[in-house]
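# requesting a structural model of the entry that follows:
(2 chains)
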Amino acid sequence: MNSRVVVTGLGVVSSIGIGVSEFWKSALAGRSGITAIQSFDPFPLAGYRSKVAGQIHNFSPEQYLPASQGNRVDRYAQFALVATKEALADAGLLMAKESPHRVGVIVGAGMGGMVMGEREITQLYQNKRPHRVHPNFIPTITLNSASGIVAMAHGAKGPNLTISTACSSSAHALGQALQCIRSGQADVVIVVGADASITPLVFAGFCSMRALSSEFNDAPERASRPFDRARDGFVMGEGAGALIVESLAHAKKRKARIYAELAGYAATSEAYHMVIPREDGEEVSTTMQLALKSADLAPAQVDYINAHATSTTIGDAVEAKAIRHLFKNRADKIAISATKSLVGHTLGAAGAIGAVASSLAIHTGQIHPTANYDDPDPACRLGGISRSAQERTIRAALLNAFGFGSNNATVVLKKFVA
Amino acid sequence: MTDPAIVSKIIQALASYLKRDPASITEAHHLRDDLGLDSMAVIELLFEIEERFKIQIPDQDLPGLSTVGSVAVYVQQRLVPAKPAPSHASKNPQKARRLKKTSRTLKPAPSRMPKKPASASKKKKR
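Residues are numbered from 1 along each chain as shown, chains lettered A, B, ... in the order given. Just a heads-up that it's a prediction; the model follows:
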């Protein structure tokens, strides 16, 4: 039988709050963190179809981190550090009391160090002075810089991994943490999802794909509207989520508070298309089914789904179809919320931020609203989606995350019962 | 009558993308059903068209661009030097108002697109 693994600490950096307390208060109120983009200096905003994003304003790393950490890494890693610091404190985990090689770090990140990346690339091509590329460019841009700096900041010497599967990155990070602990490689894993790539080139790239919402540029808070009839694309976000995940035995030994049990996980590929999901939803349905099987749970035990729900026309409909297919006549009874309706699509951080919301939902019995769910699209109508907060005793929850590259992940969290 | 030079340029772009003989592509060909372009491929094709003809194609005009011929007609209309065209007509006046606002920053588009149901939506992302 698999050893049991639990979630004991949470941290978050988001456009609706830095810190779990502010984040959760905003989430329950259905507050949107989407705002108008002020500039992509030196490029004119007119060159961007979409002009809204879930940016985190006024974030000063020095407010949260020592200069030795914050100044050495790019924005996404700064977010990772801040979220981790909160999660460790929340878990009451003192590294001085831990065997360092038994504490691992697994980060999920999609884009990584794009802020410095784009700046250095631009300067090189403009100035044509290769010898003036900053010596810290490579350490900053390497995609495992966040997992490196998190481990360094806390002396975590266990398995140190970065998983990059686009939008499903940190859902996979959670799943890999589960397997890492069950395999005996670690007692504790710091799981982080982080991305901060609302940058001139990356944002332009998503605009060129016509993937971003562009019909609500004058009403940013209304742009991210999963499952709604007027949705017209996703809204980019940035941020980080961190979860302290540990074996139940380890948690019991130090009398840790338990938010939820990390019960199962499925990782699949649709092997279909780099960006388009299979419209019949069968692969998504299969992924959810496999995740439940790995957790030894039946669909009948699921009370909440933290949906992937990015606010794209096809994606939301596919997910809804898959939910209906798997849960059949219970599909309308499961509470569903779309965290991306509040914070936008944080790419690599999405899975972790969704897992923070799911853990809090299981722990408190409160489910945050799906913002802008004003006019339900019949193609994705499910009874459990609501633009108000819901209260529910949750036995088991699914967290869905589907990434570019035809990549699907579902994580199962359940109420901890001793 | 669509300008043959425009049709030819569009067929060239398609032939290059699909790596096939331009002579095998006609105006009647449906981009998706006949030429096998998925929604992402259509977006890439239109990106090429925008580049070649120096126009910008707003999202709301995508649903009408289903055949090689309709793309050619659209491009020709956009190339006619004109006063800015009204924004894309919509049954939903609220949506039309929104569209009008957001299209301010893009080159004005004609509202003469055929009303076709958006069978394969332009948006398909995860």
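
# going by C-alpha atoms from here, please, whenever you check contacts or count neighbours.
Noted.

# pick out the residue of the stretch 1-150 of chain A closest to chain B.
Closest residue of the stretch 1-150 of chain A to chain B, CA to the nearest CA: A:A46 (5.6 Å).

# any idea how far A:I37 is from that residue?
If you measure A:A46 against A:I37 using CA to CA, to the nearest Å, the figure is 11 Å.

# okay, those two: which has more neighbours?
A:I37 (16 against 12; other CA atoms under 10 Å in any protein chain shown).

# so that one is in contact with A:A53, correct?
Yes - judged on CA atoms under 8 Å, A:I37 makes contact with A:A53 at a distance of 6.4 Å.

# interface residues of the stretch 1-150 of chain A facing chain B?
A:A46 (CA under 8 Å from any CA of the partner chain).

# helices of the stretch 1-150 of chain A, start to end?
A:20-28, A:67-70, A:75-91, A:114-127, A:137-141, A:145-154 (DSSP state H, counting those that start in this stretch).

# out of those helices, the one nearest B:V80 is which?
Of all the helices of the stretch 1-150 of chain A, helix A:114-127 sits nearest to B:V80, with 36.5 Å by CA to CA.

# helices of chain B, start to end?
B:4-18, B:39-53, B:68-79, B:93-102 (DSSP state H).

# how many degrees apart are the second one and helix B:68-79 in direction?
Between the axes of helix B:39-53 and helix B:68-79, defined by axes from the mean of the first three to the mean of the last three CA atoms, to 10 degrees, the angle is 40 degrees.

# could you give me the buried positions within helix B:39-53?
By 16 or more other CA atoms under 10 Å in any protein chain shown, the buried positions in helix B:39-53 come out as B:39-40, B:42-49.

# one more: stretch A:6-24?
A:6-20, A:23-24.

# do you know how far A:A320 is from chain B?
With distances taken as CA to the nearest CA, to the nearest Å, A:A320 is found 13 Å from chain B.

# can you pull out the low-pLDDT segments for chain B?
Along chain B, segments meeting pLDDT under 70 span B:82-126.

# 90 - rerun?
Along chain B, segments meeting pLDDT under 90 span B:1-2, B:16-19, B:60, B:80-126.

# can you find the helix or strand of chain A with the lowest average pLDDT?
helix A:67-70 (a mean of 85; mean pLDDT, DSSP states H and E).

# ok now that one, how far from the chain's centre?
Remark: helix A:67-70 is offset 24 Å from the chain centroid, using CA atoms, centre = their mean, to the nearest Å.

# buried stuff in that helix?
A:69-70.

# ditto for stretch A:379-388
Buried residues in stretch A:379-388, counted by 16+ other CA under 10 Å: A:379-382, A:384-388.

# got these as JSON lines, with secondary structure columns?
Shown next, in JSON lines, are those (DSSP: H, G, I helix; E, B strand; the rest coil):
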{"residue": "A:A379", "secondary structure": "helix"}
{"residue": "A:C380", "secondary structure": "helix"}
{"residue": "A:R381", "secondary structure": "coil"}
{"residue": "A:L382", "secondary structure": "coil"}
{"residue": "A:G384", "secondary structure": "coil"}
{"residue": "A:I385", "secondary structure": "strand"}
{"residue": "A:S386", "secondary structure": "coil"}
{"residue": "A:R387", "secondary structure": "coil"}
{"residue": "A:S388", "secondary structure": "coil"}
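
# want to throw these into CSV with distance to A:F416?
Shown next, in CSV, are the buried residues of stretch A:379-388 (distance: CA to CA, whole Å):
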residue, distance to A:F416
A:A379, 35
A:C380, 31
A:R381, 30
A:L382, 27
A:G384, 23
A:I385, 25
A:S386, 26
A:R387, 27
A:S388, 26
